[in-house]
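Undergrad: Generate coordinates for the sequence data below:
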Amino acid sequence: MMTPNNNLSTLLLLTVVAIIAVVVSSSSPTAAAATPQRREDHYQILPSSDLLNRLLELATTYPNFCTLTTTQEWFGLPRAGESEDCPFDDIYAATKQSDATTTTTSAAASGVGCNNYVLIIQDKEAYPNDPDVQLDTNVSPSSPQPRNDESSEGWTLVPDVFLSGSVHGNERVGPTSLVELSELLLESAACESLPRMKFQPGDDNSNNENDASGETNQGKFTQDQWEQELSTAQTCRQSLTQKGIPSPLRQWLARLVSTRRTIIIPTANALGYSRNKREEGTIDPNRDFPFDIEQYHENECMQTIAGRSINELWRSHLFQIGLTFHGGMEVIGYEWGAPTYLNLDAPDALAQHEIASAYSRYSNGFPGHSPYDFGTMNDEVYYVRGGMEDWAFAGSWDPERVVQCTPTTYGGYPKEKTLYNNSTLRAFNMLIETSDRKEPKREDLGSRENPLISTSGRENGHVARNIRLALLAMDVVEPYVSIRGVEELMFEDDVVPTVNLKRLPTSYYDDAKLVWVPGSGEKKSSITSREITWTVGGAMTIDRTEIVYGLWDDLPTQLAESASGFFPSMETRNVIDAKFQFVQPSNVERGSSGGRSRWHADGTYPAEPEGGDTYAQIYNFDPVFKASIDIGNMPPGTTIAVFARAKVDKDWATAAANVGPANLGPA
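TA: Numbers count the residues shown, from 1 in each chain. Next up, the predicted model:
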């Protein structure tokens, strides 16, 4: 479950006698910005074989940003189905067998029945030691292997997001929506990572002979290679803009890839989806989870490979937010959906209500289909025993509702696999009933036109709106702040794919946003202050935000914890609290120091007026906060560290009045 958060974003100011704009560029793996083939304008529901082809294309095109595997390879699970089911899986097995580096897993990639595919989207170069990265032995990061002081694991630094496309095999919108979502994310992250500044040719071109990899012996590109790199970066940006994803939206998608780890299981019920049947064989996977089931029915949970696949993913990750896509009605459902709590609210009812409301607004409606209704599953859908949503929400903190399963199907399943610790199962995992028809008509799926813009026109549809809904879930899993500019100088976004500043403690100074501003010299400068602009995302209500600034030399050498990599370290926070100055935003109502994010029901605040040519005016999405810092007494050469920070959504700590279980508040 989510709690109020504090976040920091960093800027360095150097006081000099002239202003120098520094362009922040990117770093990326080889061939990461390949443009996917031209798609038809309107979405269409993808059958199992086409889903696999698209997943393989993504894994091949963007190997440094995603991994494709199966729960059979990953967790040793059996397959559901008979010899005639899922013959297309042989294509996947062939890709494994053709690669000598994956011989240990190639045998697990094929067999009788259906594979359960999992796509992991994460920034592999930024977090090369992440256990999920090690699943893919094909990836060859363009950066050197991590040093001993860069051993922080990705799972300790980025939040996990879970997206499930089809627990019921005849409910068809989810898998296609998630594959289309994945392509948008990966194409944007790969493009944003270019050009790779670490390969930019230097002034010294001596000994500039190419090695076998195409890079120079000095680790730099030749001038011709660099020109091609710049051309590729420009081309992919133009391509995305033509698709309705201009620079700010591309940067947002890249942020979601680089600062989250998203686990996508497009067809959890792979057998049911391939057969276009609700059940896996004869068993409903969404009654297969060990939560609030009737006594003495322990052998009636974890019977399906769909259920076991999801169980293994949740046991091996720390998901904070999730979505499970269904069909048969059009509604967003959150906890509770269990009969024990039929007339009670979940402890986090307010937070769930606000998030579901935002899902509904951003996904929007289209002719003949209203924006999603939303509420508890008990009220809006119906209660179930053994449901996935309540299990993922409360399995770790409501143990009285959890049983240890003893199924006999597929040779059984270890009982200890359904014994959970107090942190594994405590996520907002919402049910998305995508459409009244379980397989909607193609004209109701939407088009690729401006896919990230909320609209109620015909271009919207069941696939289009659920792409946006899933993006919102990825965004709100963790709040963030971003410094956007100094005076009229607007920055690029502060997240560069393949570059993880948290893992490079010696490069904070070099990799922070660096701006030179006029200061005092022999002749006193008339400029005594500078306006800082910043924004806050990943939240609903911004309760408080401010700029803090002080001397860089007062800060510790490493801004993150040396052992865990968590940023900022407690030492850094103590220095900021003791020695830095605090400035609240000047463009909010008197007595206030907060605002509203783009997801808030009342809209963005403070917002820039539309019609201008600044980032905020053209893309009037995020709140824009402004404050001035005093540099009048700073001598030339002084380095000023500027941080933005925020506290958000403190109202989520308010427990529901009619809560169940009793005496339990938000975690």
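Undergrad: Please read off the pLDDT at T455 from the model.
TA: Per-residue pLDDT puts T455 at 92.
Undergrad: Quick check: the gap between it and P367.
TA: Remark: distance between T455 and P367 (Cβ to Cβ, to the nearest Å) = 11 Å. Quick note: C-beta positions are derived from backbone N, CA and C, even for glycine.
Undergrad: Comparing the two, which residue is more hemmed in?
TA: T455 (16 against 10; other Cβ atoms under 10 Å).
Undergrad: Please name the nearest non-neighbouring residue to the more buried one.
TA: N364 (6.2 Å; Cβ to Cβ, 6 or more residues apart in numbering).
Undergrad: where along the stretch 301-450 of the chain do the strands fall?
TA: Along the stretch 301-450 of the chain, counting by DSSP state E, counting those that start in this stretch, strands occupy 319-326, 331-334, 373-376, 428-433.
Undergrad: Now mean pLDDT, mean neighbour count and distance to F221 too, for those strands, in CSV please.
TA: Output for the strands of the stretch 301-450 of the chain, formatted as CSV (pLDDT from 0 to 100; neighbours: other Cβ atoms under 10 Å; distance: least, Cβ to Cβ, whole Å):
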stretch, mean pLDDT, mean neighbour count, distance to F221
strand 319-326, 98, 24, 40
strand 331-334, 98, 26, 48
strand 373-376, 98, 19, 51
strand 428-433, 98, 25, 45
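Undergrad: what sits against the residue nearest to T455?
TA: Neighbouring residues of N364 by Cβ atoms under 8 Å, 6 or more residues apart in numbering: P371, S454, T455, S456, N460, R465, R468.
Undergrad: Among those, find me the one that's closest to D85.
TA: Nearest to D85 among the contacts of N364: R465, at 31.5 Å, using Cβ to Cβ.
Undergrad: Neighbours of the closest residue to that closest one other than its chain neighbours, how many?
TA: Closest residue in space to R465, ignoring its immediate chain neighbours: S363 at 3.7 Å, by Cβ to Cβ, 6+ apart. Neighbour count for S363, taken as other Cβ under 10 Å: 25.
Undergrad: wait, S363 sits on R468?
TA: Yes. Using Cβ atoms under 8 Å, S363 makes contact with R468 at a distance of 5.5 Å.
Undergrad: Please enumerate the shared neighbours of the two.
TA: S454.
Undergrad: where's the residue nearest to R465 relative to I432, distance?
TA: 9 Å.
Undergrad: what touches both of these two?
TA: With Cβ under 8 Å, 6+ apart as the test, S363 and I432 both reach Y372, N466, L469.
Undergrad: In TSV: those residues, plus neighbour count, distance to L445 and pLDDT.
TA: Below are the shared contacts of S363 and I432 laid out as TSV (neighbours: other Cβ atoms under 10 Å; distance: Cβ to Cβ, whole Å; pLDDT from 0 to 100):
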residue	neighbour count	distance to L445	pLDDT
Y372	25	16	98
N466	28	10	98
L469	26	14	98
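Undergrad: who are the neighbours in contact with L240?
TA: Contacts of L240 (Cβ under 8 Å, 6+ apart): E187, S188, C191, P246, R250.
Undergrad: can you redo the residues you listed as CSV with pLDDT, distance to H317 and secondary structure?
TA: Formatted as CSV, these follow (pLDDT from 0 to 100; distance: Cβ to Cβ, whole Å; DSSP: H, G, I helix; E, B strand; the rest coil):
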residue, pLDDT, distance to H317, secondary structure
E187, 97, 25, helix
S188, 96, 23, helix
C191, 95, 27, helix
P246, 90, 33, coil
R250, 93, 27, helix
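Undergrad: what's the farthest-apart pair in those residues?
TA: E187 and P246 (13.8 Å).
Undergrad: Could you check how far the residue nearest to T455 is from D622?
TA: 19 Å.
Undergrad: Point out where this structure drops to low pLDDT.
TA: 1-37, 98-110, 134, 136-156, 203-218, 499-511, 519-526, 610-620, 663-667 (pLDDT under 70).
Undergrad: ok so, going back, go through the shared contacts of S363 and I432 and say which is closest to P47.
TA: Of the shared contacts of S363 and I432, the one sitting nearest to P47 (Cβ to Cβ) turns out to be N466, at 18.2 Å.
Undergrad: Please confirm that that closest one is located within a helix.
TA: Yes. Judged by DSSP: H, G, I helix; E, B strand; the rest coil, N466 forms part of a helix.
Undergrad: My read is that it contacts T176, right?
TA: No. Using Cβ under 8 Å, N466 is not in contact with T176; the gap is 9.0 Å.
Undergrad: Common neighbours of these two, please.
TA: Here N466 and T176 have no joint contacts, going by Cβ under 8 Å, 6+ apart.
Undergrad: in which helix or strand would I find the nearest residue to S83 once chain neighbours are set aside?
TA: Take S83 and drop its neighbours on the chain: the residue closest to it by Cβ to Cβ, 6+ apart is V112, 5.1 Å away. Assigned by DSSP states H and E, V112 falls within no helix or strand.
Undergrad: In this structure V112 contacts G81, no?
TA: Yes. V112 is within contact range of G81, at 7.0 Å (criterion: Cβ under 8 Å).
Undergrad: ok, back up a step: what about the residue nearest to S83, neighbour count?
TA: 14.
Undergrad: Check N658 too.
TA: Using other Cβ under 10 Å, N658 has 11 other residues around it.
Undergrad: Also V659?
TA: Neighbours of V659 (other Cβ under 10 Å): 18.
Undergrad: What separation do you get for the nearest residue to T541 once chain neighbours are set aside and P585?
TA: In space, T541 comes closest to D649 once its chain neighbours are excluded; the distance is 5.4 Å by Cβ to Cβ, 6+ apart. Separation of D649 from P585 (Cβ to Cβ): 18 Å.
Undergrad: With L185 instead?
TA: Distance from L185 to P585, by Cβ to Cβ: 31 Å.
Undergrad: State the number of residues packed around the residue nearest to T541.
TA: Taking other Cβ under 10 Å as the criterion, the count of residues near D649 is 23.
Undergrad: just checking, it touches L350?
TA: No. With contact defined as Cβ under 8 Å, D649 does not reach L350; the gap is 9.4 Å.
Undergrad: shared neighbours, those two?
TA: With Cβ under 8 Å, 6+ apart, D649 and L350 have no common neighbours.
Undergrad: Quick one: residues in contact with stretch 572-580.
TA: V548, Y549, G550, L551, D554, L555, P556, L559, A560, P568, A641, F643.
Undergrad: CA atoms only for that stretch, dumped as CSV, please.
TA: Presented in CSV, the C-alpha positions along stretch 572-580 are these (Å, rounded to 0.1, in the frame of the first residue of the first chain):
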residue,chain,number,x,y,z
THR,A,572,22.6,14.6,3.2
ARG,A,573,19.2,15.3,4.6
ASN,A,574,20.6,16.4,7.9
VAL,A,575,23.0,18.9,6.1
ILE,A,576,20.1,20.3,4.1
ASP,A,577,17.9,20.7,7.1
ALA,A,578,20.7,22.4,9.1
LYS,A,579,22.5,24.6,6.6
PHE,A,580,20.3,25.2,3.5
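Undergrad: In that stretch, which residues are buried?
TA: T572, V575, I576, F580 (16 or more other Cβ atoms under 10 Å).
Undergrad: Distance-wise, check the residue nearest to L194 when sequence neighbours are not counted relative to R196.
TA: Using Cβ to Cβ, 6+ apart and skipping residues adjacent in sequence, the residue nearest L194 is A233, 3.8 Å away. To R196, A233 is 9 Å away according to Cβ to Cβ.
Undergrad: and if you look at P87?
TA: In terms of Cβ to Cβ, P87 sits 41 Å off from R196.
Undergrad: of the two, who's got more company?
TA: Each of P87 and R196 has its neighbours counted (other Cβ under 10 Å); R196 has more, 22 against 12.
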